[in-house]
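*Asks:* Kindly return the folded structure for what I paste below:
(chains A and B)
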Amino acid sequence: MHKESEIRYPLILGDKNYHQITEDVCAPLEGRANKLWYLAFSIAAVAALWGLGCIMYTIGRGIGVWGLNTTIDWAWDITNFVWWVGIGHAGTLISAVLLLFRQKWRMAINRSAEAMTIFAVMMAALFPGIHMGRIWMAYWVFPIPNQFGSLWVNFNSPLLWDVFAISTYFSVSLVFWYIGLIPDFATVRDRATRKIPKSIYSVLAFGWSGKVKQWIRFEEISLVLAGLATPLVFSVHSIVSMDFATSVIPGWHTTIFPPYFVAGAIFSGFAMVQTLLITARKVVNLESYITRKHIEYMNIVIVITGSMVGIAYLSELFIAWYSGVEFEQYAFLNRATGPYWWAYASMMTCNVIIPLTFFVEKLRKNIVYSWIISIFVNIGMWFERFVIIVTSLHRDYIPSNWTMFHPTFVDIGIFIGTIGIFGVLFLLYARTFPVLALNELKTILKSSGENYKKQQH
Amino acid sequence: MEQFIFSSKTKRLTYILMSFGVIALVYGIFLAVSDVDGAHHSGTRLWTNLLINGFFFMGIAASAMFFFAVNYAAESGWWVVIKRILEAVGSFLPVGSLVLFIVLFAGVAHQHHIWHWMDAEAVAADEVLRGKAPYLNWMFMAARQLIILGAWIFMWTRFRKRSLEEDLGFERNRHFKNVRDAAIFLIIFGYPISTFVPWDWIMSIDAHWFSTLFGWYVFSGLWLSSLVVTTLMVIWLKKQGYMKDVNASHIQDLGKWVFGVSFLWAYLFFSQFMLIWYSNIPEEVTYFQVRFEEYKYLYWSMFFVNFAFPMIALMDRDSKRNFRSLTVIGILIFIGHWVDTYMLITPATMKTHSTIGIVEIGLGLGFLGLFLFVVLNTLTKAPLMAKNHPFFEESVHHEIH
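*Replies:* Below is the predicted model of the structure:
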């Protein structure tokens, strides 16, 4: 017998029944897009085209067209890479970790968060690819037989571990996302009236018929995948952090990096989910499913992970002083007060100070405020990576090598472009995929639906 | 109302364990006073063991409160039937803290030299320690630790008071005050447990060494130990015929927590170890050198027992639902984490002169007896079930499909 306490908030608002849920979720797929969608799509597409142009230009001319120099040989490229990988963490956390923790509220947000993850990881993977210069040699990152060329990968390098970590993460996330989609594709298939969409959704639904046996398997495989995906949530960003932390560069080499990067990734990922879903719930009328309570829960995750990131920043700062190592001390002093103090200040403000306001219940329940803060966090987390990478590199051991980084229009174009491509993919997804796990959502209607809760108590 | 009775048989067991502790203590004092090798190793050994056990059991108590607060703040429902156990484990906090302060003040009074930086002459001759002096001085340490541990104890009494009040009747307001206090506790616990508490009591023993991850790593081990203790206590109470509302699903969930946090611990161990090993910076790598060279077998068996063993043994669903297997696994992990705490402290204080003998084992068992005595005594003071908790019904009907 399942019990639910009356003091729990309902997760599905309004007088909904099973059919209504299907109607609400399928509406954006079956109707026509409104003007707002076309406007957003046009803007995203323009940005995407600009970005593609800059990528072509980079490939044609070589990475000399970026602002890199001999001292700062890693800058926006890797900053953007880490930023996008970080954003890609929320999806699997929501779908896998929250599933293991039996969090019912995940069902309203997991689909979109997973889609976001997949698109974000794609954007991330783009950067190492184009950074290679000769992108047609990109397959050399894999350990392939010598017939393909005499270059054997370096297994001692964390950059290679990244290849494995990210490709594993991407595959598992994709499979997880897709398996969750199967029952919902079947629903869309059954409702489709036009021939072409029906046949496409039929293929996508893998012949799902909604038998009990299929549901049992569905739940089992979800749990197994969740168990496999949970370590991946940790491993990916840990290994990304090792790109820096295995080195002996002051400001990069610190043991807290792996868990702190993971916390930061979840932090930025949830901020992006918040940005997208607060917008989406309005545009496609899903306020009954993605409720104020959902937003509050996500804000709580943001404030917790933000606090962890804050502890990590302060621990690094303190231990740099405590260590008595002159180079460490200088690296952190320079971060906070050197020529890039503004980047450090933006990072601290956006990532540590501003999210702390979510400790105030009124503020974390305010939807507009949450959306604004999510933008701040997105910006702050980009600056975090910029601070770690550029400020640590720009002061070399030899003062004659000291320099600054100036992005060129290509650097900026590629970054804006990835946001554009991401936007295009997400907007297309929102028109063609069921954006909520509608069949799974139905399983909590009778325990957490507002109307049913009222009847019980 | 189901009430726990601290039977004379169980009491006797805790007395026996405590008497081991007293014997070991007396023997340790005897060794310290006679000081056979003339280098104060026996004295250091005695205080080292007091620090190990004081810290380990204080950490277990504090982490039980942490888990308590997490469950409140996360609105979790399944845990309510074990709520009273967590409260009871938390009640050891003042005793554990007292032991730590005794060790601290004994150091201040130059009864031992566990904290090298307390030695004014050594600091004067050492540039690095001079640089750390504004932070590493006994007055500042005593003050900040007093505030931190004092705040935890204060929060425990608040939670406990409200919890007992709730037995008289449910009040919505009181529950939400607890949720709010849980969030406050997570802040005043989370910040220091990942920084000052492990840094001061343990990391500063290796006075030159530093690692930003150290606090997180130590905390994960303590948290895991407290989960193991909770699990074992629930199983033991059930075997005694108490806690009828606890079913196999609750036990399985506790087993899952042990399984998951074991991974967290191993992850943090590996993160710290791998980065230091890979970079091979002389200032940092010394920490692992002494542990690998002088404590090779103990160190790696500790890692095996605390990582590979729970991973393999607790992977299976049935092993998490079976009382016997969970008890065996739990006891082994508990010992493994005691050894981990031993490994955090002993190589730093005893260097190459360590042994595991009467003092180590006796004091360990003695503290265990004291811990069980305090915890079980607290357990008698309230009904075993917090029946008026708003999620009590959810917890009683908890079932994993």
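*Asks:* Quick check: residues of the stretch 151-300 of chain B near chain A?
*Replies:* Near chain A, the residues belonging to the stretch 151-300 of chain B are B:172, B:175, B:183, B:186-187, B:190-191, B:194-195, B:208, B:210-216, B:256, B:263, B:267-268, B:271-272, B:274-276, B:278-279, B:281, B:283 when assessed by Cβ under 8 Å from any Cβ of the partner chain. Any C-beta I mention is one placed from the backbone N, CA and C, and that applies to glycine too.
*Asks:* rerun that using 7 Å as the cut-off
*Replies:* Taking Cβ under 7 Å from any Cβ of the partner chain as the criterion, the neighbours of chain A within the stretch 151-300 of chain B are B:172, B:191, B:194-195, B:210-213, B:216, B:267-268, B:271-272, B:275-276, B:278-279, B:281, B:283.
*Asks:* I'd like the list of those residues that fall within helices, please.
*Replies:* Applying DSSP state H to those, the entries found in helices are B:172, B:191, B:216, B:267-268, B:271-272, B:275-276, B:278-279, B:283.
*Asks:* thinking again about what came up before, which of the residues of the stretch 151-300 of chain B next to chain A are buried? Put it as a ChimeraX command.
*Replies:* For the buried members of those, the matching ChimeraX selection, counting by 16 or more other Cβ atoms under 10 Å in any protein chain shown, is:
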select /B:191,194,195,210,211,212,213,216,267,268,271,272,275,276,278,279
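*Asks:* Read off the pLDDT value for residue B:1.
*Replies:* We note a pLDDT of 65 for residue B:1 in this prediction.
*Asks:* The stretch 351-457 of chain A: helices as residue ranges?
*Replies:* Counting by DSSP state H, counting those that start in this stretch, residue ranges of the helices within the stretch 351-457 of chain A are A:354-356, A:361-364, A:367-386, A:392-394, A:409-432, A:438-448, A:450-456.
*Asks:* Which elements pack onto the third one?
*Replies:* What it means is helix A:367-386. In terms of contact count using 3 or more Cβ pairs under 7 Å, 6 or more residues apart in numbering or on different chains; DSSP states H and E, helix A:367-386 is assigned the packing partners helix A:76-87, helix A:257-283, helix A:292-323, helix A:341-348, helix A:354-356.
*Asks:* quick revisit: let's have the helices of the stretch 351-457 of chain A in JSON lines, adding distance to residue B:397 and mean neighbour count.
*Replies:* Putting the helices of the stretch 351-457 of chain A into JSON lines (distance: least, Cβ to Cβ, whole Å; neighbours: other Cβ atoms under 10 Å in any protein chain shown) gives the following:
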{"stretch": "helix A:354-356", "distance to residue B:397": "37", "mean neighbour count": "19"}
{"stretch": "helix A:361-364", "distance to residue B:397": "30", "mean neighbour count": "14"}
{"stretch": "helix A:367-386", "distance to residue B:397": "34", "mean neighbour count": "21"}
{"stretch": "helix A:392-394", "distance to residue B:397": "54", "mean neighbour count": "21"}
{"stretch": "helix A:409-432", "distance to residue B:397": "39", "mean neighbour count": "19"}
{"stretch": "helix A:438-448", "distance to residue B:397": "12", "mean neighbour count": "20"}
{"stretch": "helix A:450-456", "distance to residue B:397": "14", "mean neighbour count": "14"}
